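Asks: Fold the following, please.
(one chain, ligands or ions: 1)
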Amino acid sequence: MATDISILGLGLMGSALAGTLLKAGHRVTVWNRSAAKAEPLAAQGAAVAGTAAEAVLASPLVIVCVLDYAATRQLLDGADLAGRTVLNLTNGRPAEARETAAWVTGLGGDYLDGGIMAVPQMIGAPGALILYSGSPAAFDRHEPALTALAEPRYLGEDPGLAPLYDLAMLTGMYGQFAGFLGAAALIASERRSVAEFTESLLVPWLHAMAAITPPMGTQIDAGDHATDVANLEVNRVALANLETTFREQGVRPDLLLPLKAIVDRRVAGGHGAEDLSALVEELR
Ligand code: NAP
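Replies: Sure thing, here's the model as predicted:
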C-alpha cells in the first residue's frame, strides 16, 4: 500500500513519531525488528510492512529511528532507496551521518539527518525541537509533514551538522547536570533539602547565569576574552575554595576537577586577567 511516510524502528521514540504522524492525519507504514511493537500503531491505522525493504518502498519519506547507525545501515541494506528521502533520526556522530549520506545518495536517494531534542512524551507538543541537516530540497519537500513532530530547525547542507549541534546541546546539558549533582551532594552533606534548594535557589541562579552565556559566545566568536565580569584569577581562587570545601564536607569534587585543571592551566600560562570564555582556547 502506498503511504506518505514510513517509520523504521518502533522503540520508545519511533513509536511516538509514528503515533504523532498518524494523529496528524498522515498515511503511515511502520516496521520494527520485533514485530509486536507495531501492533498498537496498527490499531491506530498504520500499515505494517513485513520487511524493512517493503517499508522503504511504501513511502517517499522513510524515517529511521533505531539504536545506532550500524543498525540503520543493516536494516536499509538491500532496500531500493532510489527516489526515497531517508531521514535518519538515530543519535550518532557527524562522521557517521556524512558516511550514511554518501551511501544513500550513491543509491539514488536523498538524505537528511536529524537530532531530536525531546523525549518521546514531548513529540508533537510545544517545546519539542528537531535539528535537521542534509539535502535542502528534501527538507523543503518534507518540512510541512515534519512540523507535526516538533519545531523543525534546518542547519545546512552538510549532513554532519545536525549530529554536531545535537551533541553540542547534549554537552551543555551534561555540564548543567554535572553542576546540579555536585551542588546537590554539597547540600545533602549537611542533610538539608536538595529539592527546596534546587527550586528556590539553584534554578533561578542558573537562569541568571545562562543569560550571560550569549555574550560569552560573541567573545568566543571574536577571540576577544577581555572581561568586566570576573577574571580567571578570581575563578581560580573560587574553584580552589570549592575543591577544599567539597573535601571538608566529605563530598568528592570529581565533577569539578577537570574544569579547575583547565582554569589553573590557563592562569599558569599568564592569562589570569581574561574572561572564563578564554577556556575555549585551551580546549581547541
Ligand atoms: P529504544 O526504545 O531502546 O528502541 C530501540 C529501537 O532500535 C528498537 O526499535 C529496536 O528494535 C531497534 N534496534 C536496535 N538494534 C537494531 C538492529 N540491529 N536492527 C534493527 N533494529 C534495531 O530506543 P529509543 O528511545 O526509541 O531511541 C531510538 C533513537 O532515538 C536513539 O538513537 C536515541 O538516541 C534517539 N533519541 C531518543 C530519545 C528518547 O528520549 N528516548 C530522545 C532523543 C533521541 P527491537 O524493538 O526489535 O529491539
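
Asks: Can you give me the buried ones in stretch 207-222?
Replies: Neighbour-count burial for stretch 207-222, counted by 16 or more other CB atoms under 10 Å, picks out 216, 219-220. Yep, even glycine has a C-beta here, placed from its N, CA and C like the rest.

Asks: ugh, typo on my part, it should be stretch 28-44
Replies: The neighbour-count check on stretch 28-44 (16+ other CB under 10 Å) flags 28-32, 37-38, 41 as buried.

Asks: Could you see whether the ligand lies near that stretch?
Replies: Yes - using CB under 6 Å from any ligand atom, stretch 28-44 reaches the ligand at 32-34, 37.

Asks: Select from the buried residues of stretch 28-44 every entry located in helices.
Replies: Leu41 (DSSP state H).

Asks: where's Pro40 relative to His26, distance?
Replies: 17 Å (CB to CB, to the nearest Å).

Asks: let me redo that: Leu255
Replies: 44 Å.

Asks: quick one, what contacts the residue in the stretch 1-150 of the chain positioned nearest to the ligand?
Replies: In the stretch 1-150 of the chain, the residue found nearest to the ligand is Gly11; the distance is 1.8 Å by CB to the nearest ligand atom. Listed by CB atoms under 8 Å, 6 or more residues apart in numbering, the contact set of Gly11 reads 32, 37, 65-67.

Asks: Can you say which two of these are spatially most distant?
Replies: Looking at the contacts of Gly11 by CB to CB, the two members farthest from one another are Lys37 and Leu67, with 13.4 Å of separation.

Asks: Please enumerate the strands of the stretch 151-284 of the chain.
Replies: Taking DSSP state E, counting those that start in this stretch as the criterion, the stretch 151-284 of the chain carries its strands at 151-154.

Asks: ok, now which ones touch the residue in it that the ligand sits nearest to?
Replies: Scanning the stretch 151-284 of the chain for the residue nearest the ligand gives Asp166, at 8.2 Å (criterion: CB to the nearest ligand atom). For Asp166, the contacting residues are 91, 115-117, 131, by CB under 8 Å, 6+ apart.

Asks: picking up where we left off before, export the buried residues of stretch 28-44 to JSON lines and append columns for pLDDT.
Replies: Putting the buried residues of stretch 28-44 into JSON lines (pLDDT from 0 to 100) gives the following:
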{"residue": "Val28", "pLDDT": "98"}
{"residue": "Thr29", "pLDDT": "98"}
{"residue": "Val30", "pLDDT": "98"}
{"residue": "Trp31", "pLDDT": "98"}
{"residue": "Asn32", "pLDDT": "98"}
{"residue": "Lys37", "pLDDT": "98"}
{"residue": "Ala38", "pLDDT": "98"}
{"residue": "Leu41", "pLDDT": "98"}
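
Asks: Looking at the chain, which helix is longest?
Replies: Under DSSP H, the chain gives helix 161-188 as its longest helix.

Asks: How far off centre is that one?
Replies: Using CA atoms, centre = their mean, to the nearest Å, we find the averaged C-alpha position of helix 161-188 to lie 12 Å away from the chain's own average C-alpha position.

Asks: Mind listing what's buried along that helix?
Replies: Buried-residue list, helix 161-188, by 16+ other CB under 10 Å: 161-166, 179-180, 182-187.

Asks: Over to stretch 116-136?
Replies: Within stretch 116-136, the residues that count as buried by 16+ other CB under 10 Å are 116-118, 120, 122-124, 128, 130-135.

Asks: Sweet, I'm off.
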